[in-house]
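Peer 1: Got a predicted structure here, sequence first:
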Amino acid sequence: MATAPNKLTASAAVQRMAQKRLKARDLVEACLDRIEAREGQVHAWEALDPDGARRRADQLDKRARPVGPLHGIPLAVKDIIATRTLPTTCGSPIYRDHVVGKDAACVTQLVQAGAIVLGKSVTTEFAGAHAGKTHNPHNLRHTPAGSSSGSAAAVADFMAPVGYGTQTAGSVIRPGAFNGVVAYKGTYGWADMAGVKPYAKSLDTLGFFVREANDLALIRAAYGHAPADPPTRAPRIGLCRTLWWDQADASNRKNIEAAARALRAAGAKVRTWNMPENWDGLLTAQNRLMSKEATQSYAAERKRFPHLLSASLLGVLETGDSVSRAQLADVKKRKQRAHADLAQAWEDFDFLLAPAAKGEAPAGLGNTGDPLFNRFWTLLGTPCIALPFNTGPFGLPLSLQLVGPLRDDDQLVAWARWVEQHLS
């Protein structure tokens, strides 16, 4: 039986459209049908533009050749990212009807590459910890994580093949893990963030959710990056259990060890990389930098609409008020030392294999989960990819995190394809 269009990976859909075996309009309609069937349960969307998506698809179907690497691919755009015609609410009542009137730079680039904006996906309030309305499609009683909850759930539930995310602590990799999809957080600064509502400008990084690692190469190509050549050898992998290994669920620890054994059996050279003990301060460092910069990002909202801000965001801002210049200087020093440690690691390893989250998505919708295994990588700006691998004791997805050298994103994508192939 042929795969339904909305269940295709972006790569497969692009290929079929190039071969004239699939129309962009049919893919859009299949996604809209899925949304109609499931949105009442999953609640992944803040706003939809079905008529605009159909018009765009019809225009693309008239083209003799694909206009770019994402020709005809529907997008779920996280609702802190500006779009020209749809509201950008940032998950806050303050901006409930706010229409920017201009696409963010990151949206413009993908639209120029042939993509179709299907709608705005739910974000937590200002991409923070206050949960939105989205449910985990694998079990509606469990969190989809945050802050990129809607995009991750939409891709996982076959509502869209590609979804935008942003990460300031763990808002791409953790939702990818909890929803069982491939998630990519690029090297800090890899994409233009103009038109994206900032949380902490020194940390905010664009990311994406897709269904297979090869889809990330298409997205990177849309941003002007050349795919890395397929690996001609097996990778050198550093198994990074981190300093917080005992805080991961037992099933997750077992799963990561199983992945390491399987990759070693496939020819990879897998050795332990012991995270330096002085990295224990990176969690506090990231939180201090994030909360301090949040006080700058949300100064206007805090002054004018404090009654419309959640208790959790107000708590972050109060924490940021107390961060001193000396503490920010300490953050900088810790980052520099950790980057030096990683520079040595990259002499021995192509990438690190680490936990993406503590384990399966927790029950309940009020807590989006702990970004424990993401904070320090975000602080250091490294590219990270979450790959789904197996399920846990409650039948929910488990995931692996691949971490690569700064600005080596395309090679990390190539290694992710290798890992995906040998773990399938």
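Peer 2: Arrived safely, thanks for sending. Quick caveat, the model's predicted, so the values are computed rather than measured.

Peer 1: Okay, the nearest residue to residue 212 once chain neighbours are set aside and residue 176: tell me how far apart.
Peer 2: Spatially, and ignoring its direct neighbours in sequence, residue 212 is nearest to residue 9 (4.7 Å; Cβ to Cβ, 6 or more residues apart in numbering). In this view, the C-beta of every residue, glycine as well, is placed from N, C-alpha and C. Separation of residue 9 from residue 176 (Cβ to Cβ, to the nearest Å): 15 Å.

Peer 1: who's more crowded, these two?
Peer 2: residue 176 (37 against 20; other Cβ atoms under 10 Å).

Peer 1: Pull the contacting residues for the more buried one.
Peer 2: 152, 165, 182, 183, 209, 356, 386, 388, 399 (Cβ atoms under 8 Å, 6 or more residues apart in numbering).

Peer 1: and if you look at residue 90?
Peer 2: Contacts of residue 90 (Cβ under 8 Å, 6+ apart): 79, 80, 98, 123, 125, 126, 127, 197.

Peer 1: Distance check, it against residue 393.
Peer 2: Distance from residue 90 to residue 393, by Cβ to Cβ: 36 Å.

Peer 1: And for residue 144?
Peer 2: With Cβ to Cβ as the criterion, residue 144 and residue 393 are 19 Å apart.

Peer 1: who has more neighbours, the two?
Peer 2: Taking other Cβ under 10 Å, residue 144 and residue 393 do not tie; residue 144 has more neighbours (33 against 11).

Peer 1: In this structure that one contacts residue 137, no?
Peer 2: Yes: if you go by Cβ atoms under 8 Å, residue 144 and residue 137 touch, sitting 7.5 Å apart.

Peer 1: Tell me the residues that contact both of those two, please.
Peer 2: 153, 156, 179.

Peer 1: so residue 242 is in which element?
Peer 2: Assigned by DSSP states H and E, residue 242 belongs to no helix or strand.

Peer 1: In stretch 191-204, which residues are buried?
Peer 2: Residues of stretch 191-204 classed as buried: 191, 193, 195, 196, 197, 198, 199, 200, 202, 203, 204 (neighbour count, 16 or more other Cβ atoms under 10 Å).

Peer 1: Give me the pLDDT value at residue 1.
Peer 2: pLDDT recorded at residue 1 is 65.

Peer 1: ok, back up a step: next, check the shared contacts of residue 144 and residue 137 against the helices and list the overlap.
Peer 2: 153, 156, 179 (DSSP state H).

Peer 1: Pull the contacting residues for the second one.
Peer 2: The reference is to residue 156. Here residue 156 is in contact with 137, 138, 144, 179, 180, 181, 209 (criterion: Cβ under 8 Å, 6+ apart).

Peer 1: Find the pair from these with maximum spatial separation.
Peer 2: The span of the contacts of residue 156, defined through Cβ to Cβ, is set by 138 and 209 at 14.3 Å.

Peer 1: more neighbours, those two?
Peer 2: Each of residue 138 and residue 209 has its neighbours counted (other Cβ under 10 Å); residue 209 has more, 31 against 20.

Peer 1: For the more buried one, grab phi and psi.
Peer 2: With angles defined as degrees, to the nearest 10, residue 209 sits at phi -120, psi 130.

Peer 1: So residue 214 lies in a helix, does it not?
Peer 2: Yes: read with DSSP: H, G, I helix; E, B strand; the rest coil, residue 214 is one of the residues of a helix.
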